[in-house]
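Colleague: take this sequence and fold it.
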Amino acid sequence: DPEVSAAQAISQRVVPNNVGLVVAVESTGYTGDATARHAQIIPGWSVEKAKRMGASAIKLLVYYHPDSPTAKEIEDFTSNIAEECQKHDLVLMLEPLSYALDENKKLSSEEKRYVVVETAKRLTPLGADILKAEFPLDVTESDQGLWKEACAEISAASPIPWILLSAAVEYETFVQQVTVACNAGASGIAVGRAVWKEAVTMNGDERMKFLRTTAKYRLSRLTSLCHALAKPFTDFYTAEAPFDWYQTY
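Modeller: Model prediction:
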């Protein structure tokens, strides 16, 4: 987050040299109707500024429904950010979040599967490098056969590597989702609250102990799962540098 952590992390030298820094560009939330959502860059912020302050990659979150009246607007917005990232040599991690077209109810599991897969199909060709995808079914869906089918559909729809976001599900649930997703073609994860959310209600020494033990163990276990099961990004991208590479760079 450029407002509270990105430049602060660099200036305080807490980002290790071998760790990339992903920086967001979008304003939190959305404007417009709940069933026709708009997106915008944080006022005063840009991809270029993120590059200059030391970002390794850009994260762009958009609220998207393929059948929404604002779908084309979000597609154009995404494409424009992708062009800026390419111009400034920054990886673009695209995070589309689904929503219902009836503001009085949430997406059913079947509807969510359609939206997540169709979103992957429509947005990934627009220039993103990594798709940060929601689990494509409702968290109450217990049939892991359906989990595998739906995750495989994302893999088939996306020409770029996709990673699974945790959406604050319980840790053990996320472990199961990661196992299925990676076996179905996912290339990794983006996890936060599933690892550390209990720490928010703790104070002082109790919080630090939790982060240094339980949260650290959880993250280590998830990392091992990804190393063992995820599809390598090198299956999608290769790099060659012939003698005269700089002439066409």
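
Colleague: where's residue 128 relative to residue 179, distance?
Modeller: Going from residue 128 to residue 179 by Cβ to Cβ, to the nearest Å gives 25 Å. (C-beta placed from N, C-alpha, C; glycine too.)

Colleague: for residue 62, see how far away residue 40 is.
Modeller: Here the distance between residue 40 and residue 62 works out to 10 Å (Cβ to Cβ).

Colleague: more crowded one of those two?
Modeller: Neighbours per residue, other Cβ atoms under 10 Å: of residue 40 and residue 62, the larger number sits with residue 62, 22 against 12.

Colleague: how near is that one to residue 117?
Modeller: Computed as Cβ to Cβ, the residue 62 to residue 117 distance reads 16 Å.

Colleague: now do the contacts for residue 63.
Modeller: Residue 63 sits next to 30, 37, 39, 74, 96, 97, 98, 99 when contact means Cβ atoms under 8 Å, 6 or more residues apart in numbering.

Colleague: next, give phi and psi for residue 164.
Modeller: With angles defined as degrees, to the nearest 10, residue 164 sits at phi -100, psi 130.

Colleague: in this protein, spot the helix with the most residues.
Modeller: Ranked by number of residues, the top helix in the chain under DSSP state H is helix 71-87.

Colleague: show me which residues of that one are buried.
Modeller: 71, 73, 74, 75, 77, 78, 81, 82, 84, 85 (16 or more other Cβ atoms under 10 Å).

Colleague: common neighbours of residue 40 and residue 62, please.
Modeller: In contact with both residue 40 and residue 62: residue 26, using Cβ under 8 Å, 6+ apart.

Colleague: coming back round to it: of all the contacts of residue 63, which two lie farthest apart?
Modeller: Across the contacts of residue 63, the longest distance by Cβ to Cβ is 14.1 Å; it joins 39 and 98.
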